[in-house]
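Engineer: from the sequence below, what's the structure:
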Amino acid sequence: MQIHDLSPAPGSRKKPKRVGRGHGSGHGGRSGKGDKGQLSRAGGGKGPGFEGGQNPLHMRLPKLPGFKNRFRVEFAIINVSRLEEKFADGDMVDIDSLFAAGLIKSKKVPVKVLGDGELKKKLTVKVDKVSGSARTKIEAAGGTVDTL
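Structural biologist: This next block holds a predicted model:
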């Protein structure tokens, strides 16, 4: 097969409708637009959403209050009660160990430890943020807290 043997599949190419080229073409006279009216004029008709001068739907609906901060940082939240369940005494708690324990879904999201629950094990915690109550509970149990 050569490049000059290639041709489009039969029926895949249609000739354009040539309007306004005489009555013999079948699209002469009014060019298929009917007689008078807004839609028969050049540039006639209005865009999508135009409701005949009535206030359009997208302008009638209420706007949402407030705004969404594009720079907000979402933290993965871990409570000290979960650390008590999943880790042994003397363990190192960091993003890798939390991911391995199944407490966080992604290593890319920053982690914050909150103080809900009790902690009796001595843990070394290295995460992005720690709440004040969580810090006191971890240090009261004999552990240490390092923030990244």
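
Engineer: chain neighbours aside, what residue packs nearest to D96?
Structural biologist: Excluding the flanking residues, the one nearest D96 by CB to CB, 6 or more residues apart in numbering is K107, at 7.0 Å. Yep, even glycine has a C-beta here, placed from its N, CA and C like the rest.

Engineer: go on, R82?
Structural biologist: L103 (5.9 Å).

Engineer: the one you found reaches N79, doesn't it?
Structural biologist: No - in this structure L103 lies outside contact range of N79 using CB atoms under 8 Å: 9.7 Å.

Engineer: residue farthest from the centroid of the protein?
Structural biologist: In the chain, the greatest distance from the average C-alpha position (CA atoms, centre = their mean) is reached by G24, at 55.1 Å.

Engineer: I'd guess it is in a helix, am I close?
Structural biologist: Yes - per DSSP: H, G, I helix; E, B strand; the rest coil, G24 lies within a helix segment.
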